[in-house]
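1. Okay, sequence plus prediction incoming.
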Amino acid sequence: ETGVTQSPTHLIKTRGQQVTLRCSSQSGHNTVSWYQQALGQGPQFIFQYYREEENGRGNFPPRFSGLQFPNYSSELNVNALELDDSALYLCASSPGLEQETQYFGPGTRLLVL
Amino acid sequence: DQQVKQNSPSLSVQEGRISILNCDYTNSMFDYFLWYKKYPAEGPTFLISISSIKDKNEDGRFTVFLNKSAKHLSLHIVPSQPGDSAVYFCAAPSTSGTYKYIFGTGTRLKVLA
C-alpha cells in the first residue's frame, strides 16, 4: 500500500506565472485536502475534494483552484503567482470526509521570485 | 473563525524527562482536537486526538489533556526520547461549518540525549 505522494518536491516560479501541483492519494481514499504552510506557520486549509467535487474551501482567492480525478488523485492550480504564495503545499488524503483520519504527503515547496 | 495558538515556538527537554506542549483555542466545539507531529522533509503525521467530551486521552507515552473551561490543550510525552524531536501542531475544529481544522503555528521539540 503506497502512501500519499506529491510532485514535484521543489519548484521555483516567478511572479505572475501559473503552477500546477499534483497529489496521488493513498489507496482506498476518496477525499483529498490541500493545505498551504508558510514559513513559521501551521498548515492552512485551502480546499477539500470528495469524489471529484469541491467540498469546503478556506480563505483563499479564486486563483487557487483544484481538480480531483476519477482515481482520486488531485491537482492544485495557482494562477497569477504572488511572492506570498511561497510556501510548502501539503496534500492529505482520507477514506472519508473526516479529517481526523487524513494522511499527509511530504509536500511541494514552492518559491516565487 | 477558530483561532489556535501555540505560544512556545520551541522547547528543549532532556531525554527521559517529561515534555509538555501547550495549545490554546478560542471557540468551543463539540468535536475532536488533534495533535500532529512533523519531521523535516515529511508531511505531518497524526499523533493523538481527544474528543471534546473527554478531558484526557492516553496512548503509550503520549497523553493529551483538554481543559474546556480554559480552552486549553496540552500534550505530555513521558519519557521523552530523542526520536520525539520534531515540530508538533495542535488542530482545533473550525467554526465555519466546513470539514476542516485550524492548525496552530507549531512547537519545535528537541529532546537532548
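-> Great, that's in hand.

2. Residue ranges in chain A under the pLDDT threshold?
-> A:1-2 (pLDDT under 70).

3. who in it is up against chain B?
-> Residues of chain A lying near chain B by CB under 8 Å from any CB of the partner chain: A:4, A:33, A:35, A:40-45, A:48, A:55-58, A:90, A:92, A:97-107. No exception for glycine: its C-beta is placed from N, CA and C like everyone else's.

4. close to chain A, is the helix or strand bottoming out on mean pLDDT in chain B?
-> Here the helix or strand of chain B ranked lowest by mean pLDDT, DSSP states H and E is strand B:101-103, holding a mean of 90. Yes: using CB under 8 Å from any CB, strand B:101-103 comes into contact with chain A via B:101, B:102, B:103.

5. For the residue lying closest to the first one once chain neighbours are set aside, give me its contacts.
-> Once its chain neighbours are removed from consideration, residue B:101 has its nearest residue in residue B:91; the separation is 4.0 Å (CB to CB, 6 or more residues apart in numbering or on different chains). Taking CB atoms under 8 Å, 6 or more residues apart in numbering or on different chains as the criterion, residue B:91 is in contact with A:42, B:4, B:33, B:34, B:35, B:36, B:101, B:102, B:103, B:104.

6. cutoff 7 Å now
-> B:4, B:34, B:36, B:101, B:102, B:103 (CB atoms under 7 Å, 6 or more residues apart in numbering or on different chains).

7. so after the least confident helix or strand of chain B, what's the next helix or strand?
-> strand B:107-112 (DSSP states H and E).

8. mind listing the helices for chain A?
-> Taking DSSP state H to define them, one finds no helices in chain A.

9. returning to what we had before: columns neighbour count on top of the residues of strand B:101-103 next to chain A, output as CSV?
-> CSV is the format used below for the residues of strand B:101-103 next to chain A (neighbours: other CB atoms under 10 Å in any protein chain shown):
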residue, neighbour count
B:101, 25
B:102, 23
B:103, 23
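
10. between these, which is nearest residue B:67?
-> residue B:102 (18.2 Å; CB to CB).

11. Which strand residues bridge the closest one?
-> residue B:92 (DSSP bridges).
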